[in-house]
Structures are given as C-alpha cells and as structure tokens.
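K.L.:
Below is the sequence, then the predicted model.
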Amino acid sequence: MNVDWFDFELPEQLIAQTPLAERSASRLMVLNRETGEVEHRQFTDLADYLQPGDTLVLNDTKVLPARLMGVKPDTGARIELLLLKQLEGNRWETLAKPAKRLKVGAKLAFGDRGDGAPLLEATVEAEGDMGARIVTFEYEGIFTELLDQLGEMPLPPYIHERLEDKGRYQTVYAKQQGSAAAPTAGLHFTEAFLQQLQRKGVRLAYITLHVGLGTFRPMSADQIEDHVMHSEYFELDEANARLIRETKQNGGRIIAVGTTSARTLETVAGRFADLELEACSGWTDIFIYPGYGFKLVDALVTNFHLPKSTLVMLVSALAGRDYVMQAYAEAVREKYRFFSFGDAMFIL
C-alpha cells in the first residue's frame, strides 16, 4: 500500500499556531460510518452523540518540559537536547541539535546553581541515526523538578509561535509524567465538560501511553508495510481494565480519545482472549493502517493530522481511506484548524 495514497494539500495558514482562548471552543467534524454523512458542529456537541453506558478512554500521560538548552563546557558551543525516552535510571534516549558536535564521551551542562556549577550535567554514551544520542544525567535533587525549572515544552516543528502558558500543551487530566508530546485530542476537554458527560451517564476510563516523537515523524518508507513504528510505554491498571471490560459486556461503546488511546486499547485487546482485559503494562509498536480489524475501539475523537502520517492511516483504518480523504478535503474547504492546537473530528 503506497504512502502517497494518504497525501493531501494543506494550506499553511490552516495549521493552528496557538490554542484557542477556550479549550472546548473548537469545531467538531462528525463522520458517521453508517450513513457516510459529514456534519459540522462545535466540540461540546460531542455530548449529543454519547449515550449512558458509553466509556471515554483518556490518555493521562503528562508531557515533560523535555527541550533542554545546554552548553559544552570545553568549547562553549550551545546544544539543544530533546528527551525522548527514559531507558533506565538516569539514562535517556535523546535528540541532539546540532548532533555532529556530540561524540561519545562529550559532556553538556545545563543551568547554574549560583556557584558556577551546573544544575544538570549529561554525558553522551552512544550515538544513533538522525541526531539520536544516549546520555546519562548527573544532578542533585529531583530530576522532574529540574526539568520544570530548565526545560521548555517540546512543541511540534510546525508550531512557530511561542506558547505563553505551558499548561495549554497538557490535558486537564494529565497525571503520569513521561511524554515527549501531548495526546492532543484530549486538549479540547475541560473539567466542566467532562463532568457534564459524567452526569449524562458517560463513564471515564484512563490509560497511559507515553507518547514518543516517532509517532509524528513522516514516513520514510514508500510502502506502508515497510514502515516500523517506534515503541512507546503503556500502562493499564486493574480498575480501568475492569471498567472497559464491563462497558463491552454491557453493550456500551468504547470511545478512544486520541490515536494514542486507540493504539493502547488495541494493544491491550490483542493480549487477552474474548476481551477479558486485566491490568498490564509494557511497550507497544502497533501500527494500525487500512485492513486492520479493530477489536476494542468503537468510536474515536481525534484531531486533523499530518499528510502521509501514521495517524491519518490509523483514522483511515477505522473509517475507510476514501471517506477520510474526502472529509479532509472538506475540512480544508471549510477552513478547519489543523494539527495539535486545531479542531477535532469524531468518528462514530
């Protein structure tokens, strides 16, 4: 299957550079797989499509302020380091820029304790492709607190505006710190709207998938079948496994909020016969594209994604490529806002 089948023209002015003043003020395109219709609504109209007994599954990962600016003490050269994945202890997989300055054994310093010593130090252990570096950090205190002090949010490269409020690149239910990028479909939800849905009888379940930047990278292969996904860490606890299991047993729908939730749910579904889900955790590199049969996900809330991305392919696996490409063309005509800070789509 050729990657170009998932390409489309997108005017640059439709790429949302900043979030709306109100999280839930975005537009909502609704795709009805049964009728083939496309509706244009507001995001809070999602409540009209949800029923008592349905369960929204939300990814409660929290984005690390993972973009660090440091210097090489020996040369004074400035280096940007982006944290991708914690390996074990203080060892991390990172992206360096410019990477050519960082050979094995090179050291980086970040911040100043006030006595001339850095708040955080890193030593390069190994080199990888496309700027990848394995580094080990040394510091005193708590690593996440140092990141809050030193780091910036790792906004996608198509966002050129500075984000004034770091909290707008976090969901209101973000809890488990560890992502290199936000699960952006969840950015539309406010606490008040979630409470409104619960009053209607919609239940909320939480899973964790720590999003890696590999999810958003463009495809390097010409054929979809040749692409290999980066692995990402997920967790599902017993209480939420039981809630999802009971929803299916009682005839309710599982509505994934975002492609990260969808990928996690389908990973978990593949581990248990007859959807008898239990608590589990591990790494997933599941790649969902047309031809895949969904086992657990009944409906999906998602944003509008990059051309030729694995995310467009996942959405097309659920709704059909032709339907999705037609909907995207209509979204362009109707001037929907695209990508992380953009509008939303609901596929039912």
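P.N.:
Arrived safely, thanks for sending. Numbering: from 1, shown residues only.

K.L.:
First-to-last residue distance for stretch 22-42?
P.N.:
Terminal residues of stretch 22-42 lie 12 Å apart, using C-alpha to C-alpha, to the nearest Å.

K.L.:
pLDDT on it, on average?
P.N.:
Stretch 22-42 shows a mean pLDDT of 97.

K.L.:
How far off centre is that stretch?
P.N.:
20 Å (C-alpha atoms, centre = their mean, to the nearest Å).

K.L.:
Next: stretch 170-189.
P.N.:
8 Å.

K.L.:
got it, and stretch 316-332?
P.N.:
20 Å.

K.L.:
So for that stretch, mean pLDDT?
P.N.:
98.

K.L.:
Now do the buried residues in that stretch.
P.N.:
Residues of stretch 316-332 classed as buried: 316-321, 323-325, 327-328, 331-332 (neighbour count, 16 or more other C-beta atoms under 10 Å). Where C-beta positions appear, they are placed from N, C-alpha and C, glycine not excepted.

K.L.:
again with stretch 148-160
P.N.:
By neighbour count on 16+ other C-beta under 10 Å, the buried set for stretch 148-160 is 150-156, 159.

K.L.:
Same check on stretch 176-193?
P.N.:
Of all the residues in stretch 176-193, those buried under the rule 16+ other C-beta under 10 Å are 176, 178-189, 193.

K.L.:
ok, so of those residues, who is nearest S340?
P.N.:
The nearest member of the buried residues of stretch 176-193 to S340, counting by C-beta to C-beta, is T184 at 4.5 Å.

K.L.:
So for that closest one, what's the pLDDT?
P.N.:
Reported pLDDT at T184 in the predicted model: 95.

K.L.:
count of neighbours near P307?
P.N.:
The number of residues packed near P307 is 15, by other C-beta atoms under 10 Å.

K.L.:
from here on, count from 355
P.N.:
OK, 355 is where the count begins now, so the last one is P661.

K.L.:
okay, and for this structure, where does confidence drop off?
P.N.:
567-572 (pLDDT under 70).

K.L.:
Where is the longest strand in it?
P.N.:
As assigned by DSSP state E, the longest strand anywhere in the chain is strand 432-442.

K.L.:
what's next to whichever helix or strand L382 is part of, contact-wise?
P.N.:
Assigned by DSSP states H and E, L382 belongs to strand 381-385. For strand 381-385, contacts defined as C-beta atoms under 8 Å, 6 or more residues apart in numbering pick out 391-397, 399-400, 403, 673, 677-678, 681, 684-685, 690-691, 697-702.

K.L.:
Got a PyMOL select line for the buried ones in the residues you listed?
P.N.:
If you want just the buried ones from the contacts of strand 381-385 in PyMOL, going by 16+ other C-beta under 10 Å, the selection is:
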select buried, resi 392+397+400+403+673+677+678+681+685+690+691+697+698+699+700+701+702
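
K.L.:
Could you tell me which of the contacts of strand 381-385 belong to helices?
P.N.:
Among the contacts of strand 381-385, the residues falling in helices (DSSP state H) are 673, 677-678, 681, 684-685.
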